[in-house]
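**Q** No sequence on hand, only this structure:
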């Protein structure tokens, strides 16, 4: 255990963890939304995130983006990236729902069946990207590409702020702030709008909601799209921060985002944010303590411990019981 | 189109039902004879198409062998893997099919079994070497293979209980994720720990004849048929065992828990206890197949035991028809055999696998060869759903 490394620079590690957690939080929102309404772990959500990273990469290469454009252009590209990523992920989420889940919902199939189709869809998406789309989006035509693919850097990552010995980079600020903004927007949408009320109603009791005139299928589609939009935004942050993507990056991020959702209380939007940020911090601490060997175990250990001692998560679950 | 399909399905079901009735109507000696012939055929499989002892070839059967295509794998080797997977599927079927618990970390138990025989049986393992130093034993000393079997069984059983104890109180889908994490933790621990050989793994794992060497004339490295027969024998024994278990008080309790846990509890079945039993027994079977795998390959490394393998295991059970032993065996056999036989499409095999999973689950959620009870359960659920369609 390398405690010196951790406590010597605690503030820095916390900042790193928070920015890492911002991505988990945004992906976790997708799990939480779907789980809150359908009581279903959308196992394919991780791939929806992966699709987002590639769609953004493809658009940028189409626009001929090179490393670190001028600030003005960078903002334009980032906005385009956000739109494209959100659109691509949202569309994929919708397709997954339509193909893999709708029929099963009609049959009232047990959760195991949903899980297996979700795994199947996940495998199909991953392979489609490995075999054709990864090559296509990185400008090599429809060819097999199972390698790590670089993405042009939008912003030069530089320290803009120093607080308590922590050097905070511009990208880190953008990540955490945009995660907060996205969550705020989503929270308002769910709690304030007519559509949001529908979502909460179905989450609370699908049958009663249907009797009150809420169109279940539409609400479920909406929920998948919202999750997809958030995953698309997360994909943009990922591209900005790490500058690489690969056909199978979804898996690990998905698992951690799910852990984050459970940690915060699955079905709870604010819980997803809290869980994501917390998990990011825990992971960075664990990585520092153990010199990275046990970084990936930390998330699972947290998951197991939370589920054993507080299975409803830190903030409690259920979208339906959110403030009416 | 759908009309025609439905009609066809109806006729097929009729024909199949008739067949089952006719089978049951046969005299007992005829059924036993057919059964024995079936088992003899399983033992004959490695020679499929040949008549042993002669140069004669039965035409046509050759097509099924995996070495009939260019660059195909050794046929007996493929059969050995099939038998291993059938064993895994039977074990996982106890957990998923009978007790209805979703275990996505089954590969963890497989790994525990494999690592037990590797760490205690191989002279090259860090554990054995430290024992040698501790007790001043010779450099050739290692735990005998036969002793490794109970060790592996005990370790995987304990692993099952240790994982089950805190997690079995969780809801089904949470359990899936926790077990998934457990599988990953085992792999990462093996990769990072010096005593488990780290990423290089462990070599020199013994088989029934002792450590791998060129002198082994039955369970050698090149001739794989004996390995297949060994695995097949273990599978048949376990089928017998699990079958007895399934039709015992324990088995009935599992079914009751799967169908309605609360109702079962009201009837005096303590769910936690029986779930833990299912977990432990399933784990032990997984450990046993892991042990066979490690002995045959004589070398293991942590990367073998990844999540993909776990998912494959679950897919075998669900595709075959969870709850029905013949079904899961069929699923295991197909998922191990088809990719080997159709290697020409190996580039697309994961894609095909994914598509197959989705299609089978959408069109036939009960699996290819389902248990009758399970099918009725699904039909029941569908009827419940029909009441509250929006």
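**A** Arrived safely, thanks for sending. These figures come from a predicted structure and were not determined experimentally.
**Q** ok and the residue in the stretch 151-300 of chain B nearest chain A?
**A** Nearest to chain A, among the residues of the stretch 151-300 of chain B, is residue B:181, at 3.5 Å (CB to the nearest CB). Glycine gets a C-beta too; all of them are placed from N, C-alpha and C.
**Q** Not counting its neighbours along the chain, what's nearest that residue?
**A** residue A:300 (3.5 Å; CB to CB, 6 or more residues apart in numbering or on different chains).
**Q** List the contacts of the one you found.
**A** Residue A:300 makes contacts with A:259, B:181, B:182, B:184, B:185, as judged by CB atoms under 8 Å, 6 or more residues apart in numbering or on different chains.
**Q** Sort out for me which of those are in helices.
**A** Applying DSSP state H to the contacts of residue A:300, the entries found in helices are A:259, B:181, B:182, B:184, B:185.
**Q** Quick check: residues of the stretch 201-324 of chain A near chain B?
**A** A:206-207, A:210, A:215-217, A:251, A:255, A:258-259, A:262, A:293-294, A:296-297, A:299-301, A:303-304, A:307-308, A:311 (CB under 8 Å from any CB of the partner chain).
**Q** Let's see that with 10 Å instead.
**A** Residues of the stretch 201-324 of chain A lying close to chain B (CB under 10 Å from any CB of the partner chain) are A:202, A:206-207, A:209-211, A:213-220, A:251-252, A:255, A:258-259, A:262, A:266, A:290, A:293-297, A:299-309, A:311.
**Q** Can you show me the helices along the stretch 201-324 of chain A?
**A** A:206-211, A:216-242, A:249-264, A:269-289, A:295-309 (DSSP state H, counting those that start in this stretch).
**Q** which of the residues in the longest one are buried?
**A** Read it as helix A:216-242. For helix A:216-242, a neighbour-count test (16 or more other CB atoms under 10 Å in any protein chain shown) marks A:216, A:219-241 as buried.
**Q** re earlier: just the buried ones from the residues of the stretch 201-324 of chain A next to chain B?
**A** Buried, going by 16+ other CB under 10 Å: A:202, A:206, A:209-210, A:214, A:216, A:219-220, A:251, A:255, A:258-259, A:262, A:266, A:290, A:294-297, A:299-300, A:302-304, A:306-307, out of these.
**Q** hang on, the earlier thing: please tabulate the helices of the stretch 201-324 of chain A in a markdown table, including the columns mean pLDDT.
**A** Output for those, formatted as a markdown table (pLDDT from 0 to 100):
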| stretch | mean pLDDT |
| --- | --- |
| helix A:206-211 | 89 |
| helix A:216-242 | 93 |
| helix A:249-264 | 88 |
| helix A:269-289 | 91 |
| helix A:295-309 | 80 |
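**Q** Residue A:46 touches residue A:256, doesn't it?
**A** Yes. Taking CB atoms under 10 Å as the definition, residue A:46 is a contact partner of residue A:256 at 9.4 Å.
**Q** in chain A, which ranges drop under the pLDDT threshold?
**A** Along chain A, the model assigns pLDDT under 70 to residues A:1, A:317-324.
**Q** Counting residues, name the longest helix you see in it.
**A** Assigned via DSSP H, chain A shows its longest helix as helix A:10-38.
**Q** how about that helix, does it get close to chain B?
**A** Yes. Using CB under 10 Å from any CB, helix A:10-38 reaches chain B at residue A:35.
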